[in-house]
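Colleague: I'll drop the sequence and a predicted model, then ask my questions.
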Amino acid sequence: DVLMTQTPVSLPVSLGGQVSISCRSSQSLVHSDGNTYLHWYLQKPGQSPQLLIYRVSNRFSGVPDRFSGSGSGTDFTLKISRVEPEDLGVYYCLQSTHFPPYTFGAGTKLELK
Amino acid sequence: EVQLVESGGGLVQPGRSLKLSCAASGFTFSDYNMAWVRQAPTKGLEWVASISYGGSNTHYGDSVKGRFTISRDNAKSTLYLQMDSLRSEDTATYYCARPMYTTDYYYPNWFAYWGQGTLVTVSS
């Protein structure tokens, strides 16, 4: 199974600031069709996870452009610019290239400094 | 609007069974593969099981294989998770999830829509 490693575990931020979250996979996430199936989710306190970014860099409907995803192969990054209060919560990466199983990262908690 | 509403959670003793349901609306349920994802208290997300749009293909995470069964009733637009031989480590909020696109079962997809979850507590 593909192991997804997220860093850091906790990320203090000031409102208006910029942060980056890393997600690394134990093997390449490039599929035989040429696409890379790495996705990002945010789980706000007390809520269900919500899709932010799919296939590395595509923002889901309604996701502000303050969120951007990048990376390739085994190394991926989620960047959040101009952090707002509603951005706080736990961020997860997910790989679906090598299904089954789907595998999530352990999460990165974005919290106020 | 896509809606997924889970039900059936509750307190159950170790070794007993429980069946979760997920009522879907706002889309053509029979066109989509579906999945269950769980989250133990204060822990991360764990994929539990997936089922193809017609119900003929299923896969399970190693931690539930042989104990849980995913199924669906397309006529009722409802997804199920039968959980047998429950253990304390199965205590979690269980989410029903729908992928973004309709695809062949083995083609990569990702969870775009989630229900609000139903809490299962396994304890004596």
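Modeller: Noted; the coordinates are in hand. Worth saying up front: this structure is predicted, and the values here are computed from it rather than measured.
Colleague: What about B:Ile51, how many residues nearby?
Modeller: Close neighbours of B:Ile51, defined as other CB atoms under 10 Å in any protein chain shown, add up to 24. Every residue, glycine included, has its C-beta placed from N, CA and C.
Colleague: Spatially nearest residue to A:Leu15, not counting backbone neighbours?
Modeller: A:Val83 (5.8 Å; CB to CB, 6 or more residues apart in numbering or on different chains).
Colleague: ok, now how distant is the one you found from A:Ser70?
Modeller: For A:Val83, the distance to A:Ser70 equals 18 Å [CB to CB, to the nearest Å].
Colleague: which bits of chain A sit near chain B?
Modeller: By CB under 8 Å from any CB of the partner chain, the residues of chain A that approach chain B are A:31, A:33, A:35, A:37, A:39, A:41, A:43, A:48-51, A:54-55, A:60, A:90, A:92, A:94, A:96-97, A:99-107.
Colleague: Which ones among those lie within strands?
Modeller: Among those, the ones falling in strands (DSSP state E) are A:39, A:41, A:43, A:49-51, A:54, A:90, A:92, A:94, A:103-104.
Colleague: what ranges of chain A fall below the confidence cut-off?
Modeller: With pLDDT under 70 as the threshold, chain A has no low-confidence stretch at all.
Colleague: Nearest residue to the middle of it?
Modeller: The structure's chain A has its C-alpha centroid closest to A:Trp40; by CA atoms, centre = their mean the separation is 3.2 Å.
Colleague: Buried only: go through the residues of chain A next to chain B for me.
Modeller: When burial is judged by neighbour count using 16 or more other CB atoms under 10 Å in any protein chain shown, the buried members of the residues of chain A next to chain B are A:37, A:39, A:41, A:43, A:48-51, A:54-55, A:60, A:90, A:92, A:94, A:96-97, A:99-107.
Colleague: how about the residues of chain B that lie near chain A?
Modeller: By CB under 8 Å from any CB, the part of chain B that sits against chain A consists of B:35, B:37, B:44-47, B:50, B:59-62, B:95, B:100, B:106, B:108-112, B:114-117.
Colleague: Roughly how far does the spatially closest residue to A:Ser14 that is not a sequence neighbour sit from chain B?
Modeller: Counting by CB to CB, 6+ apart, A:Ser14 lies nearest to A:Lys113, which is 5.2 Å off, once chain neighbours are set aside. Separation of A:Lys113 from chain B (CB to the nearest CB, to the nearest Å): 22 Å.
Colleague: Show the contacting residues for A:Lys113.
Modeller: Listed by CB atoms under 8 Å, 6 or more residues apart in numbering or on different chains, the contact partners of A:Lys113 are A:12-14.
Colleague: again with A:Ser26
Modeller: With contacts defined as CB under 8 Å, 6+ apart, the neighbours of A:Ser26 are A:2-5, A:74.
Colleague: One more: A:Ser68?
Modeller: By CB under 8 Å, 6+ apart, A:Ser68 lies in contact with A:53, A:57, A:59, A:78-79, A:81.
Colleague: Against B:Phe29, how distant is it?
Modeller: Noted for A:Ser68: a distance of 33 Å to B:Phe29, by CB to CB.
Colleague: try B:Val12
Modeller: Distance check for B:Val12 against B:Phe29: by CB to CB, it reads 27 Å.
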